[in-house]
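Colleague: Next come a sequence and a model predicted from it.
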Amino acid sequence: MSPHLSATTLTGPSWFWFATRGLGVVTLILLTGTVVLGIGTARRWSGRESPTFFLAVVHRNLSLLAVLVAGAHVVTTVLDPFAHITLRDALVPFGAAYRPVWLGLGVVAGELVAALVVTSLLRHRLGPPLWRLVHWSAYASWPLAVLHSLGTGSDVRSPWLLGVAGACTAAVLMAVGERVLSGRLQTLPVRVAAGAAALVLVYAGTTWTLEGPIQADWAVRAGTPAADLRQAGPLHPGPGGFSDPLTGVMVRGADGNTQLALRDTADTSLTLAVRSAGPGETLPVVTVARAGRILCVAPARATGSLYAVCGKTRIVIALFGGPVSVGTGNVAGRIDTSGSLG
């Protein structure tokens, strides 16, 4: 990176990126509520001040809200420039270049919920058998949504997201458990089998999460496009250091200065900010953050690349294509570290 880079106030990722993350989490929570209320409707839960039909109305309206929020999640995902997900990718499962399996599971989950809402609105025309078939198959949308959230989410290693996923799983398990323990004697074998299957799925999902999404190299294993990883070198070599590809934007501000924003494409919760020396400073400053939490703010020596020390970890940031000139557009690069960050 050229030492003549004139500014370094880092703009963050596109607001679509933040919006799609938030909407995705809200969708998962709404789907969880839909599943729990659906089980409650089937069990005819009711309270002293809430008749059974009220629960059914809430269940239907919550399902509709889940579809609307999921639709907003899809729109912001398509508009976000990071993953280059097209409208076709959002409608046709398993065809995207970006993490196709885990993105595809989200597409299937969304379409199942949409089918649930549409068939519920047309229930009197479709007849009970077809409606019931679609209704029960739509419950598969919830585990698919969980896998999608963990498989594609950039916050999967954050405690708060794991907490949300764990709370949603616990809520569904409690509802399923109540359903298994209640009912007629004739249906006991089916209910026990369903409960056992639920426990097996939870165990398998937990094991998969520990061995997959929360691992540092999950972005590559999940199917992040090779084009985003080219020239990146080996991912996370050695016991602590790593070498990851970067992508970002460089824009010219209203004051004529250039601003640069970069994000680690292998660990998308990691962002880098670079700003030029301010009053009383002699060197550019690099700000390293993970999931919005600042890890360090350190001066950087600029030669052919940027060199800084974050805590006890040495960082080298290089951009592809040689020295950076003042301009506007997308940029790509690489971060090499001597140890872990955060």
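Modeller: Received, thanks. Residues are numbered from 1 along each chain as shown.

Colleague: How many residues are close by Gly33?
Modeller: 19 (other CB atoms under 10 Å). From N, CA and C alone the C-beta is placed, and that goes for glycine too.

Colleague: tell me the pLDDT at it?
Modeller: The model reports Gly33 with a pLDDT of 91.

Colleague: Please apply the same query to Leu199.
Modeller: pLDDT, read off for Leu199, is 90.

Colleague: List the contacts of the strand or helix carrying it.
Modeller: Element membership for Leu199, per DSSP states H and E: helix 188-211. Residues from elsewhere that reach helix 188-211 (CB atoms under 8 Å, 6 or more residues apart in numbering): 143, 146-147, 150, 156, 162, 169, 173, 176-177, 179-181, 183.

Colleague: Give the PyMOL command for selecting the buried subset of those residues.
Modeller: In PyMOL, a selection of the buried entries from these looks like this (16 or more other CB atoms under 10 Å):
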select buried, resi 143+146+147+150+156+162+169+176+179+180
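
Colleague: Show me which pair in the contacts of helix 188-211 is furthest apart.
Modeller: The most widely separated members of the contacts of helix 188-211, counting by CB to CB, are Val156 and Gly183 (36.2 Å).

Colleague: quick one: average pLDDT of stretch 58-78?
Modeller: The average pLDDT within stretch 58-78 is 90.

Colleague: now do stretch 119-127
Modeller: Averaged across stretch 119-127, pLDDT comes to 80.

Colleague: tell me how far the ends of it are from each other?
Modeller: 10 Å (CA to CA, to the nearest Å).

Colleague: picking that back up, mind putting the contacts of helix 188-211 in a markdown table, distance to Gly339 and pLDDT included?
Modeller: Putting the contacts of helix 188-211 into a markdown table (distance: CB to CB, whole Å; pLDDT from 0 to 100) gives the following:
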| residue | distance to Gly339 | pLDDT |
| --- | --- | --- |
| Pro143 | 37 | 92 |
| Val146 | 33 | 95 |
| Leu147 | 32 | 95 |
| Leu150 | 27 | 93 |
| Val156 | 22 | 82 |
| Leu162 | 24 | 90 |
| Thr169 | 34 | 94 |
| Leu173 | 39 | 91 |
| Val176 | 44 | 85 |
| Gly177 | 45 | 86 |
| Arg179 | 49 | 79 |
| Val180 | 48 | 81 |
| Leu181 | 51 | 82 |
| Gly183 | 56 | 71 |
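
Colleague: most centrally placed residue in the protein?
Modeller: Centroid check for the chain by CA atoms, centre = their mean gives Gly153 as the closest residue, at 1.9 Å.

Colleague: Give me the nearest residue to it, chain neighbours excluded.
Modeller: In space, and not counting its chain neighbours, Gly153 is closest to Leu161: 6.2 Å by CB to CB, 6 or more residues apart in numbering.

Colleague: And that neighbour, how far from Thr271?
Modeller: 17 Å (CB to CB, to the nearest Å).

Colleague: burial count for the residue nearest to Pro284 when sequence neighbours are not counted?
Modeller: Closest residue to Pro284 apart from its sequence neighbours, by CB to CB, 6+ apart: Ala300 at 4.8 Å. Ala300 has 21 neighbouring residues, counting by other CB under 10 Å.

Colleague: ok, Ala300 - contacts?
Modeller: Taking CB under 8 Å, 6+ apart, we find Ala300 in contact with Val274, Leu283, Pro284, Val285, Val286, Leu306, Tyr307, Ala308, Ile317.

Colleague: Determine the three-state secondary structure at the nearest residue to Tyr98 once chain neighbours are set aside.
Modeller: Excluding the flanking residues, the one nearest Tyr98 by CB to CB, 6+ apart is Ala83, at 4.4 Å. With DSSP: H, G, I helix; E, B strand; the rest coil as the basis, Ala83 sits in coil.

Colleague: if we can go back for a sec, next one: the helix holding Leu199 to chain centre, how far?
Modeller: Mean-position distance between helix 188-211 and its chain equals 24 Å (CA atoms, centre = their mean, to the nearest Å).

Colleague: swap in stretch 17-35?
Modeller: The chain centroid and the centroid of stretch 17-35 are separated by 10 Å, computed with CA atoms, centre = their mean.

Colleague: Tell me which residues of it come out buried.
Modeller: Buried, per 16+ other CB under 10 Å, within stretch 17-35: 17, 19-21, 23-35.

Colleague: Then stretch 298-307?
Modeller: Neighbour counts over stretch 298-307 (16+ other CB under 10 Å) mark Ala298, Ala300, Ala302, Ser305, Leu306, Tyr307 as buried.

Colleague: Backbone dihedrals for Trp136, please?
Modeller: With angles defined as degrees, to the nearest 10, Trp136 sits at phi -70, psi -40.

Colleague: Quickly note the distance from it to Leu112.
Modeller: To Leu112, Trp136 is 11 Å away according to CB to CB.

Colleague: Please identify which of those two sits among more neighbours.
Modeller: Legend: neighbour count by other CB under 10 Å for Trp136 and Leu112, higher for Leu112 (19 against 12).

Colleague: State whether the more buried one and Ser141 are indeed in contact, as I suppose.
Modeller: Yes. Counting by CB atoms under 8 Å, Leu112 touches Ser141, with 4.0 Å between them.

Colleague: What is the stretch of helix or strand His135 belongs to packed up against?
Modeller: Here His135 sits within helix 128-138, counting by DSSP H and E. Counting contacts by 3 or more CB pairs under 8 Å, 6 or more residues apart in numbering; DSSP states H and E, helix 128-138 is packed against helix 100-121.
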